[in-house]
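>>> Turn this into a model:
(chains A and B)
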Amino acid sequence: MIQRVLASYHLQGLTCVGLLLFLTVFVAALGWVFRRGSGTFYGKLQELPLRDLETLNPGGR
Amino acid sequence: MSAEQSGSSTAVETPASGVMERFSYDDRIVRQFILATLVWGFVALLLGVFIASQLADWRLNFGISWLTFGRMRPLHTNAAVFAFAGNGIFAGIYYSMQRLLKTRMYSDLLSKIHFWGWQAIIVSAAITLPLGFTIGKEYAELEWPISIAITVIWVVFAVNFFQTIFKRRERHIYVAIWFYIATVITVALLHIINTIQVPVSLWKSYPIYAGVQDALVQWWYGHNAVAFVLTTPFLGLMYYFLPKAAEKPVYSYRLSIIHFWSLVFIYIWAGPHHLLYTALPDWAQTLGMVFSIMLWAPSWGGMINGLLTLRGAWHRVRTEPILKFFVAGLTFYGMATFEGPLLSIKSVSGIAHYTDWIIAHVHGGTLGWNGFIIFAMVYWMVPRLWKTELYSVRLANVHFWTGFLGTLVYIISMWVAGITQGLMWRAVDGTGRLVYPDFLETVLKIVPLYYVRAIGGGLYLVGFVIMLYNIYKTVRSAPADLKDDVVSAPRLTRNTIENLGKTPHRMLEGLPVVFSVLTLVAVGVGTMIEIVPTFLAADYVEANPLLKPYTGLQLHGRDLYVREGCYLCHSQMIRPIPSETLRYGEYSRAQESMYDRPFQWGSKRTGPDLARVGGKYPDLWHYRHMMDPREVSPGSIMPAYPWMYRDKTDFAIIQKKLKVMKSLGVPYTEVEVRFAEQQAREEAKLIADQLVAQGAPKGTEEKEIIALIAYLQRMGQDFKKGLIQ
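Sure thing, here's the model as predicted:
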């Protein structure tokens, strides 16, 4: 069946290239985010939206 | 006004953290975008309820050209996507990026040009679309002068956006900004590639692509407009505003990184799922289907990341409307991104495509996801930006439940309508005949659901009006003098940027140019692999010397068909499915639309497919049908087009049209171009004379209806004459 499906594609190579490219990006991203010692770093990044700067003129008035 | 509040910053040396700078955020621009979001949101929703009502009762078209469904529907979609969602996105981006990057926007002037330029574009769309000035490609209808204006204003926004990143005081670029970067880059790419046109006049142009290529480019654009206007910026906003509202950091930053790269890489490939079972090459359809199914994972990864951000805060959802909107919005996102890949499976698409199931899917995303995220954001930002309290939390809760109920009523009614009609179209009895051969019967069966849909949309609009009142009262209670907050942060020196970290990831984080280039590569790869081979048209559409392009009159009639938005209700693509070929005839071939600029394959069948309508009925039938569809088709919900019997054909422009088409490679001869007007007049007279012989009134040869009939009678004739195999 796989043979029949592949035989009907005109440019099956492109489909394969696309999938391989995605897998490469996906695996690379996984490798990146789970590298050793990254937990602390990401912990800091997670807090970014919550770290508002102190307002020097409260109320803006 | 102090220096900080006017946009400049002042520096103070401190021993602890180097040079501290005092500055203020530009909140005025955020307030302006919020107000624009509210105004255009009301317009978009009102238009939505109006066109939903037109489908329930055709009399609401009023026989007025600029109010008719075909012209109002593009206005509704443009208002919803680019005016309501667009302004909402800009409001959120301007608010969040200044705070995440600890800096004021690069240029107040560029921000103002962006704001007013965008509003001018929306107003010009609101004028030109009802007048019938349209390219005829969904979500990209605006004619070339407005297309150019969109490009210019987007570049202004992009310059301001990237310069703000470069002058930031925060070393790291939070994931929300990544999503914004992907949006800024990809929307520019999509818009420019899809709207390359050759002008015929100030308000008429033809795309450089034709037929299959035009279809692929358009749905590469159309699908990714959903991806990079209605998804990535909203995910960025979610990653900023949800932690703020929940007062909790995002559940997993790691997951957000995987989410980002997977989504950006995969989304761009999925466009062809809009063209399943069409004349698009099989491999491109399969590619679109496979990548659409793969989209399940990153989409749900994002949704789960959002919902889990509420860990430990779920009890607040019960009382806080902002969190309610976020939770419901994310849930609708999850539903829509589950349904999207499901609909991309060929066998499911076979039933759902061209039906109201797709309308349900789209509105689950726009009303439930985009709308609710904008509402949450507005309720969160308005009290802070106007330095006051929200007028009524109770009214915000009422808004939530009204909007939620309205969304459910809308999508459930359209699910039922779509699946019902899809199954009726396919029903074949034991003798191999269609159970419902009359298309109209399948429409009339679901008209009651169109009323239900209008009620659902109406409820959503009521909820929105409640929000308008709540926001109005909130803003009224604000202090008269809204000065921007002054804050301080240490200056980011070149040294700190260079020492971001030793690992590639930290480097990437801090280098916006490299990051942007990688994002461009991620979306570029899919684009190139998908689109470039299809440009090699000879592989799929062989040149056929027997095929003649449209005559001048037919071409002009086709432009009238595009002007009236006929493609919004009628497809021109018979799929190779037994029930379709039984109903309409042989399936459509790529050659049949090889000169079609724009392609008119359509995406919805409120009326039947017209690919082979040529010669099916006499001219007089079309003449009477367009005057009053119910005269020849009792019960029809199609609007009447009385102005086409009053307005005269612009014969003088036909020569210019042929000239442009010839320049694009359509095989018109020099003689055909030179005598285009004369030949069109002769052809019109012939049709008008035949109509008179059949019983129509005299003196119609110069009316637009004749040109339209010329086009309608041409459709499918090449195939019927055996010129296409």
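
>>> Just give me the longest helix of chain A.
helix A:12-33 (DSSP state H).

>>> ok, and for it, which residues are buried?
Under the neighbour-count criterion of 16 or more other Cβ atoms under 10 Å in any protein chain shown, helix A:12-33 has A:14-15, A:18, A:21-22, A:25-26, A:29, A:32-33 buried. In this view, the C-beta of every residue, glycine as well, is placed from N, C-alpha and C.

>>> filter these by proximity to chain B?
For chain B, the contacts drawn from those by Cβ under 8 Å from any Cβ of the partner chain are A:14-15, A:18, A:21-22, A:25-26, A:29, A:32-33.

>>> Redo those as JSON lines? Include pLDDT.
What follows is these, written out as JSON lines (pLDDT from 0 to 100):
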{"residue": "A:Leu14", "pLDDT": "71"}
{"residue": "A:Thr15", "pLDDT": "71"}
{"residue": "A:Gly18", "pLDDT": "75"}
{"residue": "A:Leu21", "pLDDT": "82"}
{"residue": "A:Phe22", "pLDDT": "80"}
{"residue": "A:Val25", "pLDDT": "81"}
{"residue": "A:Phe26", "pLDDT": "84"}
{"residue": "A:Ala29", "pLDDT": "83"}
{"residue": "A:Trp32", "pLDDT": "84"}
{"residue": "A:Val33", "pLDDT": "87"}
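
>>> now for stretch B:621-639, what's the gap between its first and last residues?
Terminal residues of stretch B:621-639 lie 16 Å apart, using Cα to Cα, to the nearest Å.

>>> buried residues in that stretch?
Within stretch B:621-639, the residues that qualify as buried by neighbour count (16+ other Cβ under 10 Å) are B:621-627, B:629, B:632-633, B:636-639.

>>> Mind listing residues that contact stretch B:310-327?
Residues outside stretch B:310-327 that contact it (Cβ atoms under 8 Å, 6 or more residues apart in numbering or on different chains) are B:238, B:241-242, B:245-248, B:251, B:306-307, B:372-373, B:375-376, B:379-380, B:393, B:396-397, B:399-400.

>>> at 7 Å instead, please
Stretch B:310-327 has contacts (Cβ atoms under 7 Å, 6 or more residues apart in numbering or on different chains) with B:242, B:245-246, B:248, B:251, B:307, B:372, B:375-376, B:379-380, B:393, B:396-397, B:400.

>>> now do the same end-to-end measure for it.
Stretch B:310-327 has an end-to-end distance of 9 Å (Cα to Cα).

>>> pLDDT weak spots in the chain?
Because you didn't say which chain, this covers chain A. Residue ranges of chain A with pLDDT under 70: A:1-12, A:57-61.

>>> looking at chain B here, not the other one
For chain B, applying pLDDT under 70 flags the ranges B:1-9, B:11-18, B:494-510, B:533-541.

>>> any idea which strand is longest in it?
strand B:18-24 (DSSP state E).

>>> For that one, list every residue counted as buried.
Neighbour count says strand B:18-24 has B:20-24 buried, by 16+ other Cβ under 10 Å.

>>> Give the other helices and strands that that strand contacts.
Where contact means 3 or more Cβ pairs under 7 Å, 6 or more residues apart in numbering or on different chains; DSSP states H and E, strand B:18-24 is packed against strand B:10-14, strand B:486-490.
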